[in-house]
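**Q** generate a structure from the sequence data that follows.
(4 chains)
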Number of protein chains: 2
Amino acid sequence: MQQLLFDFIAKYISLTDDEKNVLLSLNLFHSFRKGTVILKEGQKTNNSYFVLKGCIRSYYLLDGDERTTAFYTEMEALTPPCAITNTPSEYFISCLEDTILTISNADMTEEVNSKFPKFDIMCRLFSAEMLAKQRIDFDEFKTSSPEQRYLNLLQKRPDLLQRVPQHQLASYLGITPQSLSRLRSRIVKK
Amino acid sequence: MQQLLFDFIAKYISLTDDEKNVLLSLNLFHSFRKGTVILKEGQKTNNSYFVLKGCIRSYYLLDGDERTTAFYTEMEALTPPCAITNTPSEYFISCLEDTILTISNADMTEEVNSKFPKFDIMCRLFSAEMLAKQRIDFDEFKTSSPEQRYLNLLQKRPDLLQRVPQHQLASYLGITPQSLSRLRSRIVKK
DNA sequence: AGCATTCGTTCACTAAAGTTAAGATATGGT
DNA sequence: ACCATATCTTAACTTTAGTGAACGAATGCT
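**A** A predicted model of the protein is given here:
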């Protein structure tokens, strides 16, 4: 697991053994069983999560039912907006599978970044990259119909279709489970 | 204009006069007339834009018609995904109004950040903030109907309704101009 | 194994958005 | 002021999504 993290960081900056040891001393690694709710609505946190193995999912509870907005799998990072704005969380995060995460918070980030300023550089590069990715996702979502969005997902993240229950995929696509089921049978007919 | 920029930066880090002068020496400020296309599809750039005054808009050209995905107004920043991935742009950016921007690129960022490492900190904080904002926007978009999205926009960015032609707003909301017109008259009736 | 719950599909019906077209206004350029 | 173009609205029709309900299959629990 540690190596997975170091390999990921190596894409942005190179670490000395000293620096690696500082990271290891932070007790970043955490395991959760499938179904564990990591963050609840209304709860405050300034944690950031980085998925080493498994899958986590963010969802809102609106009118009594869940609205899934994102899935995070291997090598993807999630800092809940509430951690930035320092307000109670608007949504839940739970583990779709047995999952291993790193969990860090703003204080840890500040500490590491002040010891090793190049971490700021990595954070900046990684943030910019995530921002660009998310922008593209959002744009694609806006400019497509539900059917196109499903086909797009089929192409870009076929693993999700295997890992995720269909009703969660549906709300991720911005539609109801019934619509997704219909849409799928429509596609098969073609 | 310069003061607007410095005030904005001051929200994240404090600048010495020396540092301000370095920024001023970079020739960041640019004016454009309404309608000017700043970035074209297929074009490569690694520019980032920050709106000091006016409004710019990003849009795709799909099947011959424009699909607006975002508006950026005062104190909002845009780094096109193509500037991160170093690929040709998938979309256009144009000025909705007479607009004053700062334009910077990756080289300038690297140079300033290496001279004054605290810029990395500002970039990191600002990126994280934008990421959180965009995430919330995306989530709201996914979990709402077109009508709710319109009402939401009315609350959160009423200025846009004044500044932006309706057919551009429609595609920003992910619907056709006809649907927006219909939806509006539906709301008035209630 | 038995039971309850969750999940996916189907159906009938309703509501809303897409599409095509037409007409009315507004806008910009010369 | 004039014309061409862009913009907004309305309407009729088609397609698709939302809703509520029913059913069977799969899943999880004890």
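**Q** ok, the residue lying closest to residue A:174 once chain neighbours are set aside - how many residues close by?
**A** The shortest distance from residue A:174 to any non-neighbouring residue, by Cβ to Cβ, 6 or more residues apart in numbering or on different chains, is to residue B:142 (4.7 Å). All C-beta spots, glycine's among them, are computed from the backbone N, C-alpha and C. Neighbour count for residue B:142, taken as other Cβ atoms under 10 Å in any protein chain shown: 20.
**Q** OK, contacts around residue B:142?
**A** Residues near residue B:142 by Cβ atoms under 8 Å, 6 or more residues apart in numbering or on different chains: A:67, A:69, A:141, A:171, A:172, A:174.
**Q** for the third one, which non-adjacent residue is spatially closest?
**A** For residue A:141, the nearest residue in space outside its immediate sequence neighbours is residue A:149; the separation is 6.3 Å by Cβ to Cβ, 6+ apart.
**Q** so how far is residue B:69 from the one you found?
**A** 15 Å (Cβ to Cβ, to the nearest Å).
**Q** in chain A, where is pLDDT below threshold?
**A** Applying pLDDT under 70 to chain A flags the ranges A:190.
**Q** how about the strands in it?
**A** A:29-32, A:37-39, A:47-53, A:56-62, A:65-72, A:77-78, A:92-95, A:99-105 (DSSP state E).
**Q** in the biggest helix by length in chain A, what counts as buried?
**A** Ranked by residue count and defined by DSSP state H, the top helix of chain A is helix A:118-142. Applying a neighbour-count criterion of 16 or more other Cβ atoms under 10 Å in any protein chain shown, one finds A:119-132, A:134-136, A:138-142 buried in helix A:118-142.
**Q** cool, and stretch A:94-108?
**A** Across stretch A:94-108, burial judged by 16+ other Cβ under 10 Å covers A:94, A:95, A:96, A:97, A:99, A:100, A:101, A:102, A:103, A:104, A:108.
**Q** got a list of contacts for it?
**A** Counting by Cβ under 8 Å, 6+ apart, A:1, A:5, A:26, A:28-38, A:45-57, A:59, A:71, A:83, A:163-164, A:168 sit against stretch A:94-108.
**Q** one more pass at 6 Å, please.
**A** Identification of contacts with stretch A:94-108 by Cβ atoms under 6 Å, 6 or more residues apart in numbering or on different chains yields A:1, A:26, A:28, A:30-34, A:36-37, A:46-57.
**Q** do the same with stretch A:166-183
**A** By Cβ under 6 Å, 6+ apart, stretch A:166-183 touches A:67, A:68, A:146, A:147, A:149, A:150, B:142.
**Q** looking at the residues you listed, which has the most residues close by?
**A** Of the contacts of stretch A:166-183, with other Cβ under 10 Å as the count, residue A:68 tops at 26 neighbours.
**Q** pretty sure it contacts residue A:59?
**A** Yes: here residue A:68 reaches residue A:59: they are 4.5 Å apart, a contact under Cβ atoms under 6 Å.
**Q** quick check, nearest of the buried residues of stretch A:94-108 to DNA strand C?
**A** residue A:96 (10.1 Å; Cβ to the nearest atom of the strand).
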